[in-house]
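[1] How does the following fold in three dimensions:
(3 chains)
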Amino acid sequence: MAVITYRQALHDTLREEMLSDENVFLIGEEIGVFEGSYKITAGLLEEFGEKRVRDTPIAEEGFVGAAVGAAMLGLRPVVELMTINFSLLALDQIVNHAAKIYGMFGGQSNAPMVLRTPGGGGQQLGATHSQNIELYYAFVPGLKVVAPSTPADARALLKASLADNDPVLFLENLALYNTKGEVPDELPPAEIGKAGVTRPGSDITIIGYSRMATVATQVADQLGEEGISAEVIDLRSLRPLDRETLVDSVRKTGCAVIAEDDWLTYGIGAEIAASISDGAFDYLDAPVRRVAAAEVPLPYAKPLERAALPSAESLHTAVRQTLDAVGHRR
Amino acid sequence: MTEIHMPRLSDTMEEGVISTWRKQVGDQINRGDVVADIETDKAVMEMEAYDDGVLEKILIGAGETVPIGVPIGIMGDGSGAAAAAGASGGDSDGSAAGSATTGSNPESDSPGSAATEPAAPRSAGSAESDAGPRERPKASPLARAVAREKGVDLSTVTGTGPGGRIIRVDIEAAAEAKTATESPQQSAAESHRAERSEPQQQNEDLEEIPLSNIRKVTARRLTESKQQAPHFYLTSAVDVTDLVSFRSDLNERLQASGGPKVSVNDLVVKACATALRANPSVNVSFRDEKLFQHKRVHLGVAVALDSGLVVPVIPDADRKSVSEIAAEGKEKVERARDGKLKPDEMSGSTFSVSNLGMFGIEEFSAVINPPEAAILAVGATREEVQVRDGEFAVRKMMRMTLSADHRAVDGAVGAVFMQQLTSLLQDPIRIIA
Amino acid sequence: MAETATRSKSATSGSKGRRSGTRSGGNRVQQRQENTALASESPEALRDYFRQMSLVRRFEERAAQGYTQAKIGGYCHLNLGEEATVVGLMSALRRSDYLFTNYREHGYALAKGIEPGKVMAELYGRTTGTSKGLGGSMHMFDTEVGLLGGYGIVGGQIPLATGAALAIDYRGGDEVVLCQMGDGTTNIGAFHESMNIAALWNLPVVFVVVNNYLGMGTTVDMSSAESELYKRAVAYRMHGERVDGNDVVAVREAAGRLVEHARKTGQPAMLEAVSHRMKGHSVVDPAKYRSPEDAEAAREADPVAAFRSQLISAGVLDEDGAAEIERTVQADVDAAVAFADDSPHPDPATLFDYTYATPVANDSRRLPADPVF
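    Have a look, this model is predicted:
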């Protein structure tokens, strides 16, 4: 058991997978000589050479598509898209191609590949470099989308994604790279499509993923000190979505708050809220609340950026208000 | 023979119009020849022949519309046999022709065929027509589910959730009350067995009394108040000798003009309202870590009923005369006794007055009625020996205690309020000034 | 510099001038026919080209018919008029070489070696089709013959083909990728990104632009600032050349040369095959935007008829031999239609069988009217 950063967990797992499978190679912008925009791939070019760690031109559509084509021939590319914002330049290759290869040709081919990319705002990167648009991919059958929030999950889900024969969008987050956590030495791959109950509780359900899952556990700890037993669910997988786990929890607690970094309207939380309505309607004692980003192109100035993004405080407020609405300890 | 069918010539086409026949009956047709122009939903397209032959029959004429796949003509070797076979094909040709939209629908012309059997008239006095528009009680899905399970009628439950929504706790309280009413002994016995496993004998000394809704709400709100609001208490002794005689004078005059009698409490209420207007820092609420200033002064007057404590509210008491306060208070208390006070007439107060003087209680301290920040507890009026100007004097004295929420009101602020209130009550003409 | 110059020269030699407004293909056809040496190919090979071209022609005619009969759904883009290009290109590939195409690919599927019945069955949406009925006209696929897909999004196949070449290079294989596309595709970003990547990384892929001068109704002159499309390769220091797409032997020769060069050196190349689209963009397009002269030129340039007479006049084939081949092809196509018609439709119970290659927890199997819980 070691306590390492999320970044280190990704780096170590990539390295191990490259050592164990010749077909695994890394491809993306600035991943080799520059050692990665966020240094996930530091040292790997030196260790594995240019064939396995391939720096690309700034041509997202071209190199993501090339990775799909290579995957169709049995290689296992791990693509790094510098941020999820740039994935839009490869949208056609991801949505119209990677996601369709298996189904469109009647299962004759498939695209076993991992698209690693960080989302997230809060670093004063402005409107085009701060988005949380994983929804675009979570919407598409044929893709799998995972969103680890801890170093251990990052490792377990990256292993699972590399073992998978389908294209997996692996969502990272700028704010998580430096976070630390325990990572067991012998960690089995996670199961894609499964959410995790990261804090059991009985008074209220808080649902999050990626950065907001860690915020949710912080808030749950604080609520614990206030005498509130909050259950936290980390979605981990956005597609498929583990509705059972969500619904089971809300059937127990009777109320839920969703924490998401993306925009509220049509966001991931909207699907979760709808699922809760589908599966736990008769168990709801208050409307499902969503804590989500303000619906603006994210401004640069710090006070505006801070006002727009969800936080532990905003989540705490929404949880307390929901607890009030169900007459908790009144 | 080969049938020529209405071709599909657009990805959204469902039917086509024969624009023109380029070939006539008897014409030789070679593969690739244009046989007809077909108007689709998008364009006029040329229909080419896929086979060689002679056009023997045109089934669908120019200008007519048919769905794709319907035979529109027949090709053969020129002998006419194909056309004959096609014609004797009967049904398929007939139905194809019939489906052309130029034909009239025989069914609609045929008398008596229309399905006009009159629907049975609705029986008079059906439940729906009798019952007026009934408001659906606002309740959470969970509350509804629990109500179904426990057999609680939602219309009998007062909701305590946001906007009066009935929530689970309301149903559970209602269900407990109902169970207790239906078989109090049994339920009391059962609950105690369950909770403590005490011997049967002891239980007979104890009987559970079903909680009224008023008592349940009171219990919850006052518990919350006493747990959350740090109370502090300020007591003043008021010389009400002048107030009492002032009241007698006032009542004599009011009676003469047919007005209602005014009680000492009415004067206290009015004095409180005046003092609150002068000391807005007491007319506040502390809620959700926030301090709110009330811009209007609504006085709650606590009244003890058999079913529990109710607090009718006199809105804008600072802007009403004493006699108006007296009349309104009397009317509301009467309705409260009859259980006819509406919920909104019992909420929204910004300060409350509780008076136990009629029971001879000298002084007491009250629990703040949230979300108010203070409540005044008024004791009995008694004659006491007081020192006045260095001499003993018998004066009518009344003690009153302010309970204040220290999160919202500081000690000195409360003290100034009490000072002004005392001063008003000791110089009663200023109360009606 | 010397290398660049060589490339430029090579590119220019294929250029016979661009004329704005109307195409100038007719002249090139004649020039090519004069230049083409039938003798470079065996009579058996030439007869087989004719057979395959006739097969594509007859198959596509039947596909059009099947579409009008509503046996075939969706879009239906035909290779009519492009038979020489299709057969010439495919004859330059080994069975183990990979092919990526756009959505106008029935002929390529046939010429790469897929049974006509399987291709027709795919058009009919049957389980026996090349993609089990899940793909349709635009999405043929067959691992055995190396057809790695027809793709419906213009330009979408180009990055994929480049990636397949990357995989070959990664493993040190000797296969080559041929990536077919239309003229309009050379204006899309994916084309330029992929050309750059292929040249940069030395990947064994030959990009073939079938230039029929029409992207739906938009001409090359309307859409491409450089309408001599093969010249675009120069920007990537890639070899580019133009060939008469109506001349099967010329196409075969040029494609074979570039494919073998890629196989040997790993260097990519671009080939522009100038040809005609005889009909509309798809079966349902009346092509009213074409001038009568242009349409007439396309009919006159009919590569199948031209090759037939060429073979007869060269003595490779006589009239009876040609008719015999046509009868065989007709029978093959009839059999393909019968096979497709007799094949089963996919069972709706199989709807969820091909969403994921690796089964996954909580995969949705909900039909539209089903509740979520």
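[2] ok, and the closest non-adjacent residue to whichever residue of the stretch 251-373 of chain C sits closest to chain B?
    At 4.6 Å from chain B, C:V284 is the closest residue in the stretch 251-373 of chain C, using C-beta to the nearest C-beta. Yep, even glycine has a C-beta here, placed from its N, CA and C like the rest. Ranked by C-beta to C-beta, 6 or more residues apart in numbering or on different chains and with sequence neighbours excluded, the top spatial neighbour of C:V284 is B:S10, at 4.6 Å.
[3] Please look at the one you found and B:T40 and confirm they touch.
    Yes - applying C-beta atoms under 8 Å as the test, B:S10 and B:T40 come out as touching, 4.4 Å apart.
[4] out of the two, which sits in the more crowded spot?
    Taking other C-beta atoms under 10 Å in any protein chain shown, B:S10 and B:T40 do not tie; B:T40 has more neighbours (23 against 19).
[5] Show me where the stretch 1-150 of chain C has its helices.
    For the stretch 1-150 of chain C, the helices defined by DSSP state H, counting those that start in this stretch occupy C:2-13, C:25-35, C:43-68, C:83-91, C:106-112, C:116-123.
[6] rank the ones you listed by pLDDT, which is bottom?
    Note on these: helix C:2-13 shows the lowest mean pLDDT, a mean of 35.
[7] How about stretch A:146-153 and chain C, touching?
    No - if you take C-beta under 8 Å from any C-beta of the partner chain as the test, stretch A:146-153 misses chain C, and the best it gets is 10.5 Å.
[8] measure that stretch end to end?
    Its start and end residues considered, stretch A:146-153 measures 10 Å (C-alpha to C-alpha, to the nearest Å).
[9] And stretch C:167-179, by the same measure?
    End-to-end distance for stretch C:167-179: 15 Å, by C-alpha to C-alpha.
[10] what does stretch A:79-96 give?
    Stretch A:79-96: ends 17 Å apart by C-alpha to C-alpha.
[11] And stretch B:27-38, by the same measure?
    End to end - C-alpha to C-alpha - stretch B:27-38 spans 19 Å.
[12] Once you drop chain neighbours, what's closest to the residue in the stretch 1-150 of chain C that chain B sits nearest to?
    Using C-beta to the nearest C-beta, the closest approach of the stretch 1-150 of chain C to chain B is made by C:T68 at 3.3 Å. Nearest non-adjacent residue to C:T68, counting by C-beta to C-beta, 6+ apart: B:P7, 3.3 Å away.
[13] Pull the CA coordinates from stretch A:117-129 and hand them back as PDB.
    The C-alpha trace of stretch A:117-129 is given here as PDB (Å, rounded to 0.1, in the frame of the first residue of the first chain):
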ATOM      1  CA  THR A 117      -8.400  13.400 -21.300                       C
ATOM      2  CA  PRO A 118      -8.800  15.800 -18.400                       C
ATOM      3  CA  GLY A 119     -11.800  18.100 -17.900                       C
ATOM      4  CA  GLY A 120     -12.300  20.800 -15.300                       C
ATOM      5  CA  GLY A 121     -12.200  24.500 -14.600                       C
ATOM      6  CA  GLY A 122     -11.100  26.500 -11.700                       C
ATOM      7  CA  GLN A 123      -7.600  27.200 -13.000                       C
ATOM      8  CA  GLN A 124      -8.400  30.600 -14.600                       C
ATOM      9  CA  LEU A 125      -8.100  29.000 -18.100                       C
ATOM     10  CA  GLY A 126     -11.100  30.800 -19.500                       C
ATOM     11  CA  ALA A 127     -14.000  29.700 -21.500                       C
ATOM     12  CA  THR A 128     -12.500  27.300 -24.000                       C
ATOM     13  CA  HIS A 129     -10.100  25.500 -21.600                       C
END
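[14] residue ranges with poor pLDDT in the stretch 201-330 of chain A?
    The stretch 201-330 of chain A contains residues with pLDDT under 70 at A:329-330.
[15] what do you get if the cut-off is 90, keeping everything else the same?
    Along the stretch 201-330 of chain A, the model assigns pLDDT under 90 to residues A:328-330.
[16] could you show me where the strands are in the stretch 1-150 of chain A, in order?
    A:2-5, A:24-28, A:53-55, A:76-80, A:114-119, A:144-146 (DSSP state E, counting those that start in this stretch).
[17] Local confidence estimate at the residue nearest to C:V284?
    Listed pLDDT for B:S10 reads 77.
[18] same thing with B:S347?
    pLDDT for B:S347: 82.
[19] Once you drop chain neighbours, what's closest to it?
    B:V313 (6.8 Å).
[20] Repeat that for A:A138.
    Distance criterion C-beta to C-beta, 6+ apart; nearest residue to A:A138, sequence neighbours excluded, is A:L238 at 4.0 Å.
[21] Contact partners for residue 308?
    This is for chain A. Applying C-beta atoms under 8 Å, 6 or more residues apart in numbering or on different chains to A:A308 gives the contacts A:121, A:293-294, A:296, A:298-299.
[22] that's the wrong chain, I meant chain C
    C:50, C:317, C:322.
[23] CA atoms only: put stretch B:266-280 into CSV for me.
    What follows is stretch B:266-280 as a C-alpha-only set of coordinates in CSV (Å, rounded to 0.1, in the frame of the first residue of the first chain):
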residue,chain,number,x,y,z
ASP,B,266,-54.2,44.2,24.8
LEU,B,267,-52.4,47.3,26.2
VAL,B,268,-49.2,45.2,26.7
VAL,B,269,-49.5,44.0,23.1
LYS,B,270,-49.9,47.5,21.8
ALA,B,271,-47.1,48.7,24.0
CYS,B,272,-44.8,45.9,22.7
ALA,B,273,-45.7,46.8,19.1
THR,B,274,-44.8,50.5,19.7
ALA,B,275,-41.6,49.5,21.4
LEU,B,276,-40.7,47.1,18.6
ARG,B,277,-41.2,49.9,16.0
ALA,B,278,-38.9,52.0,18.1
ASN,B,279,-36.4,49.2,18.5
PRO,B,280,-36.2,47.3,15.2
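[24] can you pull the buried residues of that stretch?
    Within stretch B:266-280, the residues scored as buried using 16 or more other C-beta atoms under 10 Å in any protein chain shown are B:266-276, B:279.
[25] On the pLDDT front, check the spatially most distant residue from the centre of chain B for me.
    No residue in chain B sits farther from the centre than B:S79, which is 82.6 Å out by C-alpha atoms, centre = their mean. pLDDT recorded at B:S79 is 79.
[26] what separates it from B:G53, distance-wise?
    According to C-beta to C-beta, to the nearest Å, B:S79 and B:G53 sit 11 Å apart.
[27] that older thread, out of the strands of the stretch 1-150 of chain A, the one nearest C:L178 is which?
    strand A:76-80 (21.9 Å; C-beta to C-beta).
[28] first to last residue in stretch A:43-57, what's the distance?
    Stretch A:43-57 has an end-to-end distance of 20 Å (C-alpha to C-alpha).
[29] Now that stretch: buried residues?
    For stretch A:43-57, a neighbour-count test (16+ other C-beta under 10 Å) marks A:44-45, A:48, A:52-56 as buried.
[30] okay, among those residues, which ones form the most distant pair?
    Within the buried residues of stretch A:43-57, A:F48 and A:T56 form the most distant pair, 15.8 Å apart (C-beta to C-beta).
[31] how about B:G32, phi and psi?
    In terms of degrees, to the nearest 10, the main-chain angles of B:G32 are phi 100, psi -10.
[32] ok so, going back, pLDDT and distance to chain C for the buried residues of stretch A:43-57 - can I get that in a markdown table?
    As requested, these are exported to a markdown table (pLDDT from 0 to 100; distance: C-beta to the nearest C-beta, whole Å):
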| residue | pLDDT | distance to chain C |
| --- | --- | --- |
| A:L44 | 98 | 16 |
| A:L45 | 98 | 15 |
| A:F48 | 98 | 13 |
| A:R52 | 98 | 9 |
| A:V53 | 98 | 12 |
| A:R54 | 98 | 8 |
| A:D55 | 98 | 10 |
| A:T56 | 98 | 7 |
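[33] Which one of these is nearest to A:L26?
    Nearest to A:L26 among those, counting by C-beta to C-beta, is A:V53 at 4.8 Å.
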